[in-house]
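J.: Model the following, please.
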Amino acid sequence: MSARRWLTAVLLVGAPTALAAQAKPDWAAFDKYVAKAAADWRIPALAIAVVKDDSVVFAKGYGVLQKGSSQPANEHTRFAIGSTTKAMTSASIAMLVDEGKLNLDDPVTKYIPELQLSDPWVTRQLTIRDLLTHRSGLPGTDLFWASNWKYSQADVIRGLRYIQPTASFRSQWQYHNVLYALNGLIIERASGMPWEQFVKKRIFEPLGMNETLALVSMIAGQPNVAVPHALVNDSVTVVPVRSTDPVASAGSVWSSVSDMAKWMRFVIDSGRVGNRRLIQQKTFAELVTPQIQAPMEEYPALQLAKPDYFSYGLGWFIQDYRGQQVWMHTGSINGLCAIIGIEPNKRLGVYVLENLDHAEIRHGLMYSAFDLFENGPRRDWSADLKPIFARPPRAAVAQAAGATSGPSLPLERYAGTYVDSAYGNVNVTVQNGALQAAVVTDPAVPLEPVSFEAFRTKPSGGARPTVLTFVPDGSGGVSGVRVANILFARARGQR
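T.: Okay, here's the model as predicted:
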């Protein structure tokens, strides 16, 4: 390690004035670089903002809101910010801590007494801090909200008792949108105000975030809204807007980089807007204090950034980059993605929004913006990230090759009721010589064979088909059916 890097690391928590002189950014060159990167990654619309100290030093949009349209994106274009919403939820919790209405180490059942997990001891011990740090030991349960299946909040809370842990309690970081979203219910019950009203009144309005909406359902009819896209069979294709409102406090906010620049200034000022402190400094420090080690494989871009540590606080990833601490989080939801990155000791923040599914140049643009304020050589992040994220284009199941072989059993053997305690039932019948399935809350639809035990729902109205893979029992019958990697067991008494 060079003397300069060593000194920077030692002074990581010291005053910014003690650091080496910062480079003067070339914003014209950066502008050209961002435009080229967006084109190279085939992103229809991209917007980026950079904040330094108390000023927005760069904010611009690129491309068009929808492929083939002429409406340009700008710094006021609204995109889904996805899971960068989580930091707003943890900030809301912090405000309630300051008011004495809750404590980070309160048990969740103090506010949600109806919650039961599979282990009664974990149910009693689970705290708000555990929800905010993804350390419950439970695997993700995104099918409660990300599928077409409809579950009420009460359904989800009831279903969680049947989810079996895949790690010991508080031993591993395992991302969990559904449990994180319970923070929204806690905020409502502690404050008497629904989460979406709380963040509007306590965050958006004080910060002047007038282009920001808390729920996906609020975006309809709004002007200047980015349309989601994904690579399907190597073609940039419009995809449906997915509602994250069932897990709103984990990722439902829509905003612009203009507004998110205001949020970054608030975070850089450790919970203060102007001379008004919305979060006490000691409480804010809890939000960005490492709580649990996070897996570096979560973000392949870390192969190039090479941090010495990568951890998770309360709604923030915390890492180092070139001797500086970084608070970071991404957001990804069905054709839209985001990233926020803040170097607190430099009072520097970057926010990127894109309308192409998992367009991972977002990481490269964050690091490129950080590099602008560093002396020394700079890398071409766009070019260097391309090989890491090179992958076959996603193909819709409906466009997959036709059936390669017929079912191995008579159709009547597949008929029956299949059950999962958490998610519900799959009912399969034979109608007019073909299989028909009603999957959880979906209406009954015909199935067509794909290969051997795999079938798929016949697509209609542009909906993506659902694949059902039956599990033979070895004696001429069927013991279960797998849907979206969930095994639904055949009901007892059926064969």
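J.: contact partners of the helix or strand encompassing residue 383?
T.: Taking DSSP states H and E as the criterion, the element that holds residue 383 is helix 381-389. Residues outside helix 381-389 that contact it (Cβ atoms under 8 Å, 6 or more residues apart in numbering): 33, 36-37, 40-41, 300-301, 303-304, 360-361, 363-365, 367-368. The way it works is simple: take the backbone N, C-alpha and C, and place the C-beta from them, glycine included.
J.: Now, of the residues you listed, which are buried?
T.: 33, 37, 41, 301, 360, 361, 363, 364, 365, 367, 368 (16 or more other Cβ atoms under 10 Å).
J.: Give the burial count for residue 341, as a bare number.
T.: 26 (other Cβ atoms under 10 Å).
J.: helix/strand/coil for it?
T.: strand (DSSP: H, G, I helix; E, B strand; the rest coil).
J.: Not including adjacent chain positions, what is the nearest residue to it?
T.: Leaving aside its sequence neighbours, residue 341 sits nearest to residue 366 (Cβ to Cβ, 6 or more residues apart in numbering; 4.1 Å).
J.: what's the answer for residue 143, then?
T.: Closest to residue 143 by Cβ to Cβ, 6+ apart is residue 484, at 5.7 Å.
J.: Just to check, the one you found is in contact with residue 149?
T.: No. Contact between residue 484 and residue 149 fails when scored by Cβ atoms under 8 Å: they sit 9.2 Å apart.
J.: Looking at the two, which one has more neighbours?
T.: Per other Cβ under 10 Å, whichever of residue 484 and residue 149 has more neighbours is residue 149, with 18 against 15.
J.: Report the two of the contacts of helix 381-389 separated the most.
T.: 36 and 303 (22.5 Å; Cβ to Cβ).
J.: just checking, residue 45 touches residue 62?
T.: Yes. Between residue 45 and residue 62 there is a contact under Cβ under 8 Å: 7.0 Å.
J.: joint contacts of these two?
T.: residue 73.
J.: Comparing the two, which residue is more hemmed in?
T.: With neighbours defined as other Cβ under 10 Å, residue 45 and residue 62 compare such that residue 45 has more, 28 against 22.
J.: Who are the contact partners of residue 316?
T.: Counting by Cβ under 8 Å, 6+ apart, the residues that residue 316 touches are 87, 90, 287, 288, 327, 328, 329.
J.: Tabulate the residues you listed (a markdown table), appending neighbour count and distance to residue 377.
T.: Converted to a markdown table, these look like this (neighbours: other Cβ atoms under 10 Å; distance: Cβ to Cβ, whole Å):
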| residue | neighbour count | distance to residue 377 |
| --- | --- | --- |
| 87 | 23 | 32 |
| 90 | 26 | 36 |
| 287 | 24 | 34 |
| 288 | 20 | 29 |
| 327 | 22 | 25 |
| 328 | 20 | 23 |
| 329 | 22 | 28 |
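J.: nearest to residue 457, of the residues you listed?
T.: So of those, ranked by how close each gets to residue 457 (Cβ to Cβ), first place is residue 329, at 34.9 Å.
J.: Dig out what the closest one forms beta bridges with.
T.: Beta bridges link residue 329 to residue 340, judged by DSSP bridges.
J.: From what I see, it and residue 88 are in contact.
T.: No. Look at residue 329 against residue 88 with Cβ under 8 Å: they stay out of range, at 10.6 Å.
J.: which residues do those two both contact?
T.: Joint contacts of residue 329 and residue 88 (Cβ under 8 Å, 6+ apart) are residue 315.
J.: measure the residue nearest to residue 143 to residue 478 for me?
T.: Here the distance between residue 484 and residue 478 works out to 18 Å (Cβ to Cβ, to the nearest Å).
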